[in-house]
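>>> All I have is the shape, not the residue letters:
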């Protein structure tokens, strides 16, 4: 199955029309038709908007894995334009002591969240 076919399958599963998908993403319906008829795939620059519209991780679309969740236990996909990307870049630039302190803060926030939302 091509990426384009997988996208069309997800559109159908979400009870979304091709017109609705086109309006959400700005991708013309004629392009969707070419994905099916000509077995073409979308360009990579459209991947984020497609994944956002379908609420799926990009890895699912490009890998044909069975996981359709936004978060998978083995990896995390982060777009360069996402705030999370900046956090990861900064984390990688920290020394081990700074990383440990940050993880301690994250653990404290998680514990606070659990207390608020048991």
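Perfect, I can see it now. If you're wondering where the values come from, they're calculated on a predicted model, not measured in any experiment.
>>> From the centroid of the chain, which residue is nearest?
residue 57 (3.3 Å; C-alpha atoms, centre = their mean).
>>> So residue 48 versus residue 85, what's the distance?
Counting by C-beta to C-beta, to the nearest Å, the gap from residue 48 to residue 85 is 12 Å. For every residue, glycine as well, the C-beta is placed using N, CA and C.
>>> Comparing those two, which residue is more hemmed in?
Applying other C-beta atoms under 10 Å to residue 48 and residue 85 shows that residue 48 carries more neighbours, namely 16 against 12.
>>> Disregarding residues adjacent in the polypeptide, which is nearest to the more buried one?
Spatially, and ignoring its direct neighbours in sequence, residue 48 is nearest to residue 79 (5.2 Å; C-beta to C-beta, 6 or more residues apart in numbering).
>>> how would you label the nearest residue to residue 53 once chain neighbours are set aside: helix, strand or coil?
In space, residue 53 comes closest to residue 24 once its chain neighbours are excluded; the distance is 4.3 Å by C-beta to C-beta, 6+ apart. Look at residue 24: counting by DSSP: H, G, I helix; E, B strand; the rest coil, its state is helix.
>>> Could you check how many residues crowd around residue 24?
Quick note: residue 24 (other C-beta under 10 Å) scores 15 neighbours.
>>> Repeat that for the one 5 residues further on.
By the criterion of other C-beta under 10 Å, residue 29 has 13 neighbours.
>>> how close does it get to residue 96?
Counting by C-beta to C-beta - residue 29 and residue 96 are separated by 52 Å.
>>> do the same with residue 109
20 Å.
>>> The two - which one has more neighbours?
residue 109 (10 against 7).
>>> quick one: the helices in this structure?
Counting by DSSP state H, the chain has helices at residues 3-13, 18-25, 29-37, 47-54, 58-63, 83-92, 96-116.
>>> No more questions from me, cheers.
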